[in-house]
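> coords below, sequence missing:
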């Protein structure tokens, strides 16, 4: 019984909404079917789980229609009607949350009823309300387009005002809306190209950027920020553009919506990661600063959740930069937003990262050798860290080469058999294993290490994870 569409929808209601729906279903304006009220009263005892055997359709039918034989068609009809009423309730709840749309529809209704004076007054009030909003995003331009179009579409407008004003405004705001929306989702598609090697053609994007290059639209910070984002994703000379974009973003962060803040922050963070993967460790300071800004602006915690990846990236980053005091505070404050499923495993892995960058390698070994998780990403991270940790121990105690060699061999097998990793990612990890082994061999060789050729080989290799750490180990070999 609890698998019907009506019950599935009822499960999604928060307690306050469930009580509101009780009023809704009893209102004669919305419902004139007494069986639906009775049905709701039968169901409400089992909210929110709805998993009682008393909810079997035959049992419910007997209570709804005690004098009738079970009729599956009639029971289905009741469920269908209940579903329609829940959907109407949800649509009305949604409308209540959308203040602008509700006011716009009311203004439009006055227009449909030929009360032009009230219609015009309410539209102008909405235009003033929209202008007061600091967030000049694509929705801002869309609202202005709607409002000027609404006035322009009324025949009375041509009698009362200069008829070109509103058509010019609706055209201008339509262009801004189109440009802002295209730039936002175009930048996301281009960002996916970098991460997932997708080939995404974004129609009209070149036309928009061409206009922006001529200065059109740059009076709006959001358009300029997305323009710089597109340039960053396309250009080869990225360092200067990254600084420009970051500074412009942080300067105007309070004047763009949370949705745009999140999208741009993600692109900036992904850029810093790509630079770090090239072996350039200096970018980590920029990355951690971006994460700190994201935390300060509540951009990394959505619906009381922070992603495992964001949490671990922040911990790793702070540990590499030796910000251990800040790191402890971060874990203490934000671990509550991790999903319970992997929380204990993530915190154990965080402890390993912290100890690794404090050079407590024996402690790291103890943590990782007992680390067990059902999450494939966490397993990969732990095995990757274990190899680095064992190599660090080798630099302190050279007779550990065989142990490291065995672990590298096991790691390579794990990577090759991993069904979840794409081939390009497998290559990166296998190259990491190969170069770690080479570094270990040179460290334990009786001959003078040829660190130079290995250093430049690693520098040239683009399909590689842990590049910065490998380069640092080559530098240690030189010493």
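Happy to help now that I have it. This structure is a prediction, so every number in the text was calculated from the model and none was measured.
> ok but residue 233 is inside a strand, no?
No - per DSSP: H, G, I helix; E, B strand; the rest coil, residue 233 lies outside any strand segment and is helix.
> Any buried residues in the host helix or strand of residue 411, and which?
Under the criterion of DSSP states H and E, residue 411 resides in helix 401-417. By neighbour count with 16 or more other Cβ atoms under 10 Å, helix 401-417 contains the buried residues 401, 404-405, 407-408, 411-412, 415. Where C-beta positions appear, they are placed from N, C-alpha and C, glycine not excepted.
> Stretch 115-129 too?
The neighbour-count check on stretch 115-129 (16+ other Cβ under 10 Å) flags 116, 119-120, 122-123, 126 as buried.
> Same question for stretch 28-41.
Buried-residue list, stretch 28-41, by 16+ other Cβ under 10 Å: 31, 36, 39-40.
> from the residues you listed, which two are the most distant?
Taking Cβ to Cβ, the two most distant members of the buried residues of stretch 28-41 are 31 and 39; they sit 10.8 Å apart.
> Residues contacting the next helix-or-strand element following the helix holding residue 411, please?
Counting by DSSP H and E, the next helix or strand C-terminal to helix 401-417 is helix 423-444. Helix 423-444 has contacts (Cβ atoms under 8 Å, 6 or more residues apart in numbering) with 197, 380, 384, 387-388, 391, 394-395, 398, 401, 404-405, 408, 411-412, 415-416, 418, 421, 449-451, 454, 457-458, 461, 463-466, 470, 473-474, 477.
> Specify the angle between helix 423-444 and helix 401-417 in degrees.
170 degrees (axes from the mean of the first three to the mean of the last three Cα atoms, to 10 degrees).
> sorry, back to before: buried ones among the contacts of helix 423-444?
Buried among these by 16+ other Cβ under 10 Å: 380, 384, 387-388, 391, 394-395, 401, 404-405, 408, 411-412, 415, 421, 449, 451, 454, 458, 461, 464-466, 470, 473-474, 477.
> just checking, which of these belong to strands?
Among the buried ones among the contacts of helix 423-444, no member is found in strands (DSSP state E).
> about what we covered before: turn the buried residues of stretch 115-129 into CSV, including distance to residue 46 and secondary structure.
Output for the buried residues of stretch 115-129, formatted as CSV (distance: Cβ to Cβ, whole Å; DSSP: H, G, I helix; E, B strand; the rest coil):
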residue, distance to residue 46, secondary structure
116, 53, helix
119, 48, helix
120, 52, helix
122, 45, helix
123, 48, helix
126, 44, helix
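> quick one on the thing from earlier: need the buried residues of helix 401-417 in TSV with distance to residue 226 and pLDDT, can you?
Compiled in TSV, the buried residues of helix 401-417 are given as follows (distance: Cβ to Cβ, whole Å; pLDDT from 0 to 100):
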residue	distance to residue 226	pLDDT
401	52	92
404	47	95
405	50	95
407	46	95
408	44	96
411	41	96
412	42	96
415	38	96
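> Show me which of the residues you listed is closest to residue 187.
Relative to residue 187, the closest of the buried residues of helix 401-417 is residue 415; by Cβ to Cβ it sits at 32.1 Å.
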